[in-house]
Each structure stands twice: as C-alpha cells, then as structure tokens.
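Enquirer: Sequence and predicted structure are below.
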Amino acid sequence: KAGVTQTPRYLIKTRGQQVTLSCSPISGHRSVSWYQQTPGQGLQFLFEYFSETQRNKGNFPGRFSGRQFSNSRSEMNVSTLELGDSALYLCASSLVRGAGTGELFFGEGSRLTVL
Amino acid sequence: QQPVQSPQAVILREGEDAVINCSSSKALYSVHWYRQKHGEAPVFLMILLKGGEQKGHEKISASFNEKKQQSSLYLTASQLSYSGTYFCGTERETGTASKLTFGTGTRLQVTL
C-alpha cells in the first residue's frame, strides 16, 4: 500500500514569508504527527492530530500551526519565516493512538530552506 | 527533555557487533527505536514497553532497564545495510505514543 506522502519535497522561501506543507497519511491511519529535523537538534515534535483534533503540541512558537481534514490529510503552516526554520519537516502517520501501538510511518519529508 | 544517546557515531567492519545506548532522566513508559538512512525517512525498528514487552519487525534486539531508564539496541553481525542514523524515541506516559521525544541520534557506518 502507498506510504506517507509529503508535498512539496523541497522549497525555498525568504524571511517573513509563510509556507504550507502537506501530508497524506497511509490509508486508514487517523493519527498524523509532525516533526522538525535539524542536524543539531535531531527530531523535535511539533504537533499531533487525531480525527481532526490537535491532541498534542510541542514547544514551538505560535507561528507553527497545523490542521487535519476529515480524510486524515494534514497540513502544517509556518508564518513569518525565520532563518532558523530551515529544516526537514517530517510527517508521520499511525493507525491508532495509545501506548505501545505507536509505530510511526514517516514520509520522506519536506526540506525547507529560508533565505 | 531529550534522551541522551551514546555513542554519537561509530564505525564498524561488516560482521562486527555494536551497542547503542539511550538514557533518560525521566521515568519512561516505552522506548522506540528508528533508523534513518541518508536522504530517506526514518523507519521503525522496535518498541520496548515498561514491563518487558517488545514489538519489532527486524532481527535486531534491544533491552529496556526500567530502573535506570535506559535502553540499549544490539546490532549483531552488522551488515552494510545497517548503516544509518539510529534514533531512540521516548514516551513518558500512556496514550502519547505519537508524541515521542527523540535523541539526537547515533550515526552508524558499516564498512567492508
């Protein structure tokens, strides 16, 4: 079956702009989470959506937001981009929430470069 | 708070063994292990739950010491395909498995 699909794969923006990233989870998966990956910090949790509701949120400023649609597809938005937002943004889907069942299936990511 | 992984990097010859450690200062419910090859998505390896249950998909073993809040990933008879960056992700309470706190990774390179 098809994996997690993220678009766009690469994008370049300038400071102050905004960006929207899209994630299509594996069919049947209702949980979508987003991570920011940078060389120094590794993978850092942004937020998780389950059945269109944000269930968890990481320690990122309000410029980072997201949403999930009824078909489980998710988008994340970053407004007023800063140089430090340059990173690989990974989306991961899972079948259910709950301890011990949280195998995450990651997409290949959207690489954002802010100039 | 991020778990601490050690070593940060390791180079092995094919056939050698390696151990990657993951330590947390907080009480954990579970530890998850992922491997990411260069330019690819992280791939699930294993979940270790408090109480000893393990769930995995590959011939890789791991342990979880609940008293010390430490997990170790054992790579035996390494193959070239084992090369990549290994991340541990920790879960501190039930129901938050989708919110994992990842370490900064251990880069493993297997050579001929």
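Expert: Thanks, I have the structure now. Residues are numbered from 1 along each chain as shown, chains lettered A, B, ... in the order given.
Enquirer: Sticking with the residue nearest to residue A:106 when sequence neighbours are not counted, tell me its helix or strand.
Expert: Among residues not flanking residue A:106 along the chain, residue B:41 sits closest, at 3.9 Å (Cβ to Cβ, 6 or more residues apart in numbering or on different chains). Quick note: C-beta positions are derived from backbone N, CA and C, even for glycine. Using DSSP states H and E, residue B:41 maps to neither a helix nor a strand.
Enquirer: in the chain, which helix or strand is least confident?
Expert: Using chain A here. Lowest by mean pLDDT, DSSP states H and E among the helices and strands of chain A is strand A:53-57, with a mean of 88.
Enquirer: nope, chain B please
Expert: strand B:54-56 (a mean of 68).
Enquirer: Show me the helices in chain B, by range?
Expert: In chain B, no helices are defined using DSSP state H.
Enquirer: how about the strands in it?
Expert: When assigned using DSSP state E, the strands of chain B occupy the ranges B:4-6, B:9-13, B:18-23, B:30-36, B:43-49, B:54-56, B:61-65, B:70-75, B:84-91, B:101-102, B:106-111.
Enquirer: again with chain A
Expert: Listed in chain order (using DSSP E), the strands of chain A are A:5-7, A:10-13, A:19-24, A:31-38, A:42-50, A:53-57, A:64-68, A:74-78, A:87-94, A:105-106, A:110-114.
Enquirer: Pull the number of nearby residues for the residue nearest to residue A:106.
Expert: 20 (other Cβ atoms under 10 Å in any protein chain shown).
Enquirer: Then residue A:25?
Expert: So residue A:25, with other Cβ under 10 Å, has 27 neighbours.
Enquirer: Excluding chain neighbours, what is closest to it?
Expert: Computed as Cβ to Cβ, 6+ apart, the closest residue to residue A:25 that is not its neighbour in sequence is residue A:93, at 3.2 Å.
Enquirer: residues in contact with the one you found?
Expert: For residue A:93, the contact set (Cβ atoms under 8 Å, 6 or more residues apart in numbering or on different chains) comprises A:4, A:23, A:25, A:26, A:29, A:31, A:32, A:33, A:72, A:104, A:105.
Enquirer: Do I have it right that residue A:37 meets residue A:86?
Expert: No: applying Cβ atoms under 8 Å as the test, residue A:37 and residue A:86 come out as separate, 11.0 Å apart.
Enquirer: So which of these two has more stuff around it?
Expert: Of the pair residue A:37 and residue A:86, residue A:37 is the one with more neighbours under other Cβ under 10 Å, namely 20 against 16.
Enquirer: Please name the spatially closest residue to that one (chain neighbours excluded).
Expert: residue A:88 (4.4 Å).
Enquirer: re earlier: what's the closest of the strands of chain A to residue B:106?
Expert: strand A:42-50 (10.5 Å; Cβ to Cβ).
Enquirer: got the contact list for residue A:54?
Expert: Going by Cβ under 8 Å, 6+ apart, the list of residues near residue A:54 reads A:47, A:48, A:66, A:68.
Enquirer: Who wins on neighbours among these?
Expert: The most crowded member of these is residue A:48, carrying 27 neighbours; neighbours defined as other Cβ under 10 Å.
Enquirer: what residues are up against it?
Expert: Residue A:48 is in contact with A:31, A:32, A:33, A:34, A:54, A:55, A:56, A:57, B:98, B:99, counting by Cβ under 8 Å, 6+ apart.
Enquirer: cool, and residue A:4?
Expert: Residue A:4 makes contact with A:23, A:24, A:25, A:26, A:91, A:92, A:93, A:105, A:106, A:107, B:41 under the criterion Cβ under 8 Å, 6+ apart.
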